[in-house]
Every structure is written in C-alpha cells, then in structure tokens.
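>>> sequence first, then the predicted structure, then my questions.
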Amino acid sequence: MQIADGIVYVGVDDHELDLFEGQYIVPNGMAYNSYVILDEKVAVMDGVDQNFVDEWLGKVEVALGGRTPDYFVVQHMEPDHSAGITAFMDKYPEAVIVATVGAFNMMQNYFGTKFQGRNMVVKEGQTLSLGAKELTFIMAPNVHWPEVMFTYDAADKVLFSADAFGKFGALDADEGWDCEARRYYFGIVGKFGKNVQAVLKKVAKLDVEVICPLHGPILSEDLGHYIGLYQTWSAYEVETQGVVIAYTSVYGHTKAAVELLAEKLKEKGCPRVVVTDLARDDQAEAVEDAFRHNILVLATTTYCGGFFPTMHEFISHLEDHDYQKRTIAFVENGSWMPAATKGMKAITDTFTGIEYVENNVTIRGALNDASRAQIDALAAELAAKF
C-alpha cells in the first residue's frame, strides 16, 4: 500500500489476538502499522508485535527493493510496536535508531542496550533530512506513554501520530472508525486528556493531509472529523446527549427497575438511552458509553456492606480514566440495609465536575409502589435535562 510518493505501508493484521493489552476484546483483530519512507536516505517508521516480526521484516525488505535503511524511527516503545527492534538492527547493522531519550532508556530495560553508537536522540522540533523529505519530530509525552513522539513529513503533509488516532480492528475489518476508535481512546489514552490537548495544539499549526497512526486505517479524508472527535474526547466534553444506565442485578429485581427507568426515559423523549449489564457486557464498551454521553445512572445491589464487585470494577475504570464533567444518578437495592449508593458516591465524589440528581432510587428487595414512584421522579428529572 502506497501512502504517498515514496511512503509505503509495511504493517500487519493480527486476527489471532483475543485480548489487546490483556483486557480489551478485539473481535475484528488488530493492526500494527509500520511505514517505509524512501528518499535519498531511507527511514523505517516503527515496528510490530513480537508474533509478526518475521512477516514485517519480509515486507520491509520488499518495500526497500534492494536498498538498506539508514534510519529506524521509533515513536513509541510499547511492545506491540517495538518487539522487533533487535531483529531489525541485527538485519541492518548500518541503520541508526532515531528516538527520544525516554525511548532509549526503555530499550535498555527491554533489550539490555541503548544501541550506543547507533542511536540518535531527538528533541522537540528537531529535524532529520532524508533528501526531498524532511522529518520534524514532535514530542507527545503521555500520549499515552511518556517517551512518545509524533513525526511530521512536510513534503507530503503526512503526520505519523504514534498511537493517537488509532483504533481497534485489523485493516481488513469492515467497520466504521468512530466506535472502535472511541473505545480505544477512552480505554487506553483517556487518562491523558491534557497531554492530548497539548499535542493537538502543535498539530493545529501543521498542514496535515494524511494521518498515519500505529493502529487502524490511514486517515486521508475528512480529517476535521477525526481531529474534532479527539478535541471533544480529550477535553472530556459530551459527544452525544443521552443517558447511560450501567447496572448489576443478582435476582432480577434491580434489572426490572432499570428496564422500567429506561422505558420511562424513552416515553419522556430522552434522545438516547443505553443500558448495559456490567456482569455480562464488555466493560470497555460501558466506559466508552459513559464518556460519550452526559448522564450516567449507576444501578446496583448492596453487597458485603458495600456494592456489587462488577460495579466496583466499572467505577474503578472510570476513576482510572479521569471521568468528569457529567451528571450521575444512583439506583440501589438492599433487602435489609441498602448501602450501595453511599459506597458508590464515596468514590464518585473524588471525580471532577460531577453533578448529582435530587431523585435517587432505593429498592428493598422487589419493586413496590414507593420505589416505582422514585423511578418516576428520577425519569422526570433526567428527561428535563434535555
């Protein structure tokens, strides 16, 4: 695949992976992207996962067409991109690695060497001439690892964006970008919104026509859409008006309350209602939905004096990824001593910019007239926010 004149795609698709980073379900696999830039001098941009190093090196060799690379640019040291560094450097002993000082420190940790004598440490704004093409390096710390950098090719108006603008799914997956890019962003990058905002300000000063991420498709049309979503996501702003109801239920009574609440919200004209069973549905999807929408209802049972484990896991994910600037409501169930709301609120009180509703719901076992009335009041309060 040719990205631009002299820029060739040499990445691989992984359809064997079940969990990305050991936790994210990837039903359509994963792409590990790598690129070769051919000019008077040759640069290879990043590598791939350890299971595909031989395939990748074979693609690189074909793309080189008998030439040898002068530079190996390492933008990100996460092993799904850096596992083949040693093999590459063994195969091409004249090549020089180009990376940040943080990346070379990580190479010491992973490979026992910083490739002394064959390394080039680059900083913000530093350039590297390949001939007609000149690469400019843009520091992007904590997007999402501290050593990360972007690379800009001004001649072709191409931005190599490391993990930013990436998504789940192999390149041959027939799916849209937004959903899996959103799930990827909030699961992996979401904690570092301020850092993403900082690097987006740098990108805004560049003339970019193509974005080449390390995962997912090369982006060359409607870039304003992708950049706009990254602006929204990294600023923790609401993307879609609606209510997410995340729940757990042991014997079905809390589920019945959730279904009743969802029905009443729809009747009252709520623009969008998303219901997710935290014990059965993908938690990463639930996190994505919570960040996407403006209202979150947490519904669960009292458990061991606190609240149900899968709800605790979900709220911990929100905490870890800096959930903020949303409205939260609670539905709790407890047959003799309801305590779930107190436990959940103790954690969400630490979140930034959270607004709470006035009408929460408490169920003591099964729904009755009193708890149904509470659900009516909650539905009315939430619907009034749209």
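Nice, thanks for sending it over. Residues are numbered from 1 along each chain as shown.

>>> number of nearby residues for Val143?
Neighbour count for Val143, taken as other C-beta atoms under 10 Å: 25. For every residue, glycine as well, the C-beta is placed using N, CA and C.

>>> against Ile211, how distant is it?
Noted for Val143: a distance of 14 Å to Ile211, by C-beta to C-beta, to the nearest Å.

>>> repeat for Gly343
In terms of C-beta to C-beta, Gly343 sits 43 Å off from Ile211.

>>> swap in Gly334?
Gly334 is 50 Å from Ile211, where distance means C-beta to C-beta.

>>> in terms of neighbours, single out the busier of those two.
Each of Gly334 and Ile211 has its neighbours counted (other C-beta under 10 Å); Ile211 has more, 22 against 19.

>>> OK, contacts around the more buried one?
Val158, Leu159, Ser161, Phe165, Ile218, Leu219, Ser220, Leu223, Tyr226 (C-beta atoms under 8 Å, 6 or more residues apart in numbering).

>>> now, of the residues you listed, which are buried?
For the contacts of Ile211, a neighbour count by 16 or more other C-beta atoms under 10 Å gives the buried set as Val158, Leu159, Ser161, Phe165, Ile218, Leu219, Leu223, Tyr226.

>>> wait, which of those is closest to Phe111?
Ser161 (24.8 Å; C-beta to C-beta).

>>> could you report the neighbour count for the nearest residue to the closest one once chain neighbours are set aside?
Spatial nearest neighbour of Ser161, excluding adjacent residues (C-beta to C-beta, 6 or more residues apart in numbering): Pro213 at 5.0 Å. For Pro213, the number of neighbouring residues by other C-beta under 10 Å comes to 23.

>>> what does Asp172 give?
Counted by other C-beta under 10 Å, the residues lying close to Asp172 total 10.

>>> could you do Gly131 as well?
So Gly131, with other C-beta under 10 Å, has 13 neighbours.

>>> which one is it nearest to, not counting chain neighbours?
Glu40 (3.0 Å).

>>> any chance you could map the helices in this structure?
Here the chain has its helices, by DSSP state H, at 53-64, 79-82, 85-91, 101-111, 178-184, 193-203, 223-234, 253-267, 283-292, 309-320, 340-348, 369-383.

>>> in CSV: those helices, plus mean pLDDT.
Converted to CSV, the helices of the chain look like this (pLDDT from 0 to 100):
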stretch, mean pLDDT
helix 53-64, 97
helix 79-82, 95
helix 85-91, 97
helix 101-111, 97
helix 178-184, 96
helix 193-203, 97
helix 223-234, 97
helix 253-267, 97
helix 283-292, 97
helix 309-320, 96
helix 340-348, 97
helix 369-383, 97
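
>>> out of these, flag the one nearest Val10.
helix 53-64 (4.1 Å).

>>> I'd like to know how far Tyr303 sits from Asn333.
Per C-beta to C-beta, Tyr303 is found 10 Å from Asn333.

>>> which one's more surrounded, those two?
Neighbours were counted for Tyr303 and for Asn333 using other C-beta under 10 Å; Asn333 has more, 30 against 19.

>>> check contacts around that one.
Applying C-beta under 8 Å, 6+ apart, we find Asn333 in contact with 249, 253-254, 257, 299-302, 340, 362-365.

>>> buried only: go through those for me.
Ser249, His253, Thr254, Ala257, Ala299, Thr300, Thr301, Thr302, Ala340, Thr362, Ile363, Arg364.

>>> and of those residues, the nearest to Tyr32?
Using C-beta to C-beta, Thr300 is the member of those that sits closest to Tyr32, with 37.9 Å.

>>> counting contacts, what elements does the longest strand along the chain pack onto?
When the chain is parsed with DSSP state E, its longest strand is strand 293-303. Here strand 293-303 touches strand 240-247, helix 253-267, helix 309-320, strand 327-333, helix 340-348, helix 369-383, going by 3 or more C-beta pairs under 8 Å, 6 or more residues apart in numbering; DSSP states H and E.

>>> now the fourth one: mean pLDDT?
So that's strand 327-333. Per-residue pLDDT over strand 327-333 has a mean of 97.

>>> quick one: that strand to helix 283-292, angle?
Interaxial angle, strand 327-333 versus helix 283-292 (axes from the mean of the first three to the mean of the last three C-alpha atoms, to 10 degrees): 130 degrees.

>>> just want to check the distance between His144 and Ile218.
20 Å.

>>> scratch that, Ile85 is what I was asking about
Counting by C-beta to C-beta - Ile85 and Ile218 are separated by 23 Å.

>>> and Asp282, how far is that from Gly187?
Distance, Asp282 to Gly187, using C-beta to C-beta: 10 Å.

>>> again, but for Ile363
Ile363 sits at a distance of 31 Å from Gly187 (criterion: C-beta to C-beta).

>>> one step back: out of the contacts of Ile211, who's nearest Leu57?
Leu57 lies nearest to Ile218 out of these, by C-beta to C-beta, at 21.0 Å.

>>> sorry, back to before: any chance of the buried ones among the contacts of Ile211 in TSV, with distance to Gln374 too?
TSV is the format used below for the buried ones among the contacts of Ile211 (distance: C-beta to C-beta, whole Å):
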residue	distance to Gln374
Val158	56
Leu159	51
Ser161	48
Phe165	44
Ile218	51
Leu219	47
Leu223	47
Tyr226	42
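
>>> which of those residues sits closest to Leu318?
Closest approach between the buried ones among the contacts of Ile211 and Leu318, by C-beta to C-beta: Phe165, at 23.4 Å.

>>> now the closest residue to that closest one other than its chain neighbours: how far from Ile315?
Nearest non-adjacent residue to Phe165, counting by C-beta to C-beta, 6+ apart: Pro213, 4.4 Å away. Distance, Pro213 to Ile315, by C-beta to C-beta: 30 Å.
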